[in-house]
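S.K.: Need a 3D model of the following:
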Amino acid sequence: MDSFVIITILLALLFDFINGFHDSANAIATVVATKVLSPLKAVTMAAVFNLIGPLVFGTAIAAMIGKGIIDTSIVTVNLIFAALAGAVIWDMITWHLGLPTSSSHALVGGLVGAGIAASGVSSVHASGVEKIVIFMIVSPIIGLAIGFLFALFIMRGFRKSHPSKINNYFRKLQLFSAAFYSLTHGTNDAQKTMGIIALLLVAEGISTPMDATSFPIPLWVIFSCATAIGLGTFFGGWRIVKTMAQRVTRLRPYQGFAAETSSGIVLAFMAHWGIPVSTTHVISSSILGVGATNKLSAVRWGIARKIVGAWILTIPAAAIIAAATYLAMKTLF
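M.R.: Alright, predicted model coming up:
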């Protein structure tokens, strides 16, 4: 295997690590906010289930990332390296700013930008990108709606119970909901890096599809990506945890349970259908939906607007960075 191919695979695993690091808030913000678990215990649990997730579910999302965004015939190691560079740099910028943006959409933007720089707009599969953009809008709306309705259902069902009894009951249940969310989070996000590495292996002739429709994901790729995202989650970024757990809205245990369960359901269905959505978008909107059951003023919409603004910027920003990286590599090498 060529040394630059190895370097690019390591960069992909670094992206996966940063994805877990960047998105640790997704998995643990609610259990930290509701004081069900200490940050260390919460992040350890999330890391374990992030590791297990990609090993439990299929690889439909990995196949979508690998062959559904850009024309595989134009893929080179330089293109993959540039795409990853765009995603990693944007992730680090938003981590520094404490914004929970989507690593998934950063990767999509990186692929699109590098693909356009390499072979023009025609190299991009418009249908694949359209599907991702549509669900970039739809999945948060679904998460918000389910979170709001689920929390409302719990409030109505337990309206005659004493608040302390409800809190104790849902503190225990929230351990299961957080684990479920972490499982689906790892499934969704680790698969995207699997798709990138598998695409690189096919482009370099290291891995060969059995037919025109198949997209092989070697077992070592699945294990290495699952491990990278699990480690990234364990060493997660507390800047973003603070944003999601404290600055957007205050949560009670039943609300944390509602947000995590709602998000996990959405992510599980998307993984089954092979649609790469943003785990960040889904959990963020679920938290907003749950917080809105108290009253609209319970949600700090100014912070929410900044988060949404960062979401909108992610794909074009990562695409520009990736395109610039590809063109710089082309000039220098």
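S.K.: how much distance is there from the host helix or strand of Lys165 to the middle of the chain?
M.R.: Element membership for Lys165, per DSSP states H and E: helix 163-203. Put simply, helix 163-203 sits 9 Å off its chain's centre (CA atoms, centre = their mean, to the nearest Å).
S.K.: The chain should start at 699 in everything you say after this.
M.R.: All right, first residue 699 from here; so that's helix 861-901.
S.K.: next helix or strand past that helix?
M.R.: helix 917-932.
S.K.: Can you name every helix or strand that that next one contacts?
M.R.: helix 701-720, helix 722-731, helix 737-754, helix 861-901 (3 or more CB pairs under 8 Å, 6 or more residues apart in numbering; DSSP states H and E). For glycine as for every other residue, the C-beta is placed from the backbone atoms N, C-alpha and C.
S.K.: so what secondary structure elements neighbour the third one?
M.R.: Packing partners of helix 737-754 (3+ CB pairs under 8 Å, 6+ apart): helix 722-731, helix 861-901, helix 917-932.
S.K.: Which one, of those helices, ends up nearest to Ala780?
M.R.: Comparing the helices and strands packed on helix 737-754 against Ala780 with CB to CB, the closest turns out to be helix 861-901 (11.8 Å).
S.K.: Looks like Ala783 contacts Leu809 (just checking).
M.R.: No - counting by CB atoms under 8 Å, Ala783 does not reach Leu809; the two are 11.6 Å apart.
S.K.: list residues touching both of these two?
M.R.: Ala1020 (CB atoms under 8 Å, 6 or more residues apart in numbering).
S.K.: With neighbour numbers in mind, choose between these two.
M.R.: More crowded of Ala783 and Leu809, by other CB atoms under 10 Å: Leu809, with 35 against 24.
S.K.: just how off-centre is the host helix or strand of the more buried one within its chain?
M.R.: Secondary structure assigned from DSSP H and E places Leu809 in helix 801-817. Mean-position distance between helix 801-817 and its chain equals 16 Å (CA atoms, centre = their mean).
S.K.: now the helix or strand hosting Val988 against helix 801-817, angle please.
M.R.: Using DSSP H and E, Val988 sits in helix 977-989. On the basis of axes from the mean of the first three to the mean of the last three CA atoms, to 10 degrees, helix 977-989 is oriented at 140 degrees to helix 801-817.
S.K.: just the angle between helix 977-989 and helix 861-901, please?
M.R.: 160 degrees.
S.K.: Show me the shaky parts of the stretch 749-898 of the chain.
M.R.: Scanning the stretch 749-898 of the chain for pLDDT under 70 picks out 796-798.
S.K.: now with 80?
M.R.: 749, 752-757, 793-802, 834-835, 860-863, 865 (pLDDT under 80).
S.K.: could you measure the spatially most central residue of the chain against Ser859, distance?
M.R.: For the chain, Thr977 is the residue whose C-alpha lies nearest the centre (CA atoms, centre = their mean; 4.1 Å). Separation of Thr977 from Ser859 (CB to CB, to the nearest Å) stands at 32 Å.
S.K.: returning to that earlier point: so what's the gap between the helix holding Val988 and the chain middle?
M.R.: Worked out by CA atoms, centre = their mean, helix 977-989 lies 13 Å from the chain centre.
S.K.: that older thread, columns mean neighbour count and distance to Asn992 on top of the helices and strands packed on helix 737-754, output as TSV?
M.R.: Below are these laid out as TSV (neighbours: other CB atoms under 10 Å; distance: least, CB to CB, whole Å):
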stretch	mean neighbour count	distance to Asn992
helix 722-731	29	14
helix 861-901	23	13
helix 917-932	22	29
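S.K.: Throw those helices into a markdown table and include distance to Ile768, thanks.
M.R.: A markdown table is the format used below for the helices and strands packed on helix 737-754 (distance: least, CB to CB, whole Å):
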| stretch | distance to Ile768 |
| --- | --- |
| helix 722-731 | 27 |
| helix 861-901 | 9 |
| helix 917-932 | 19 |
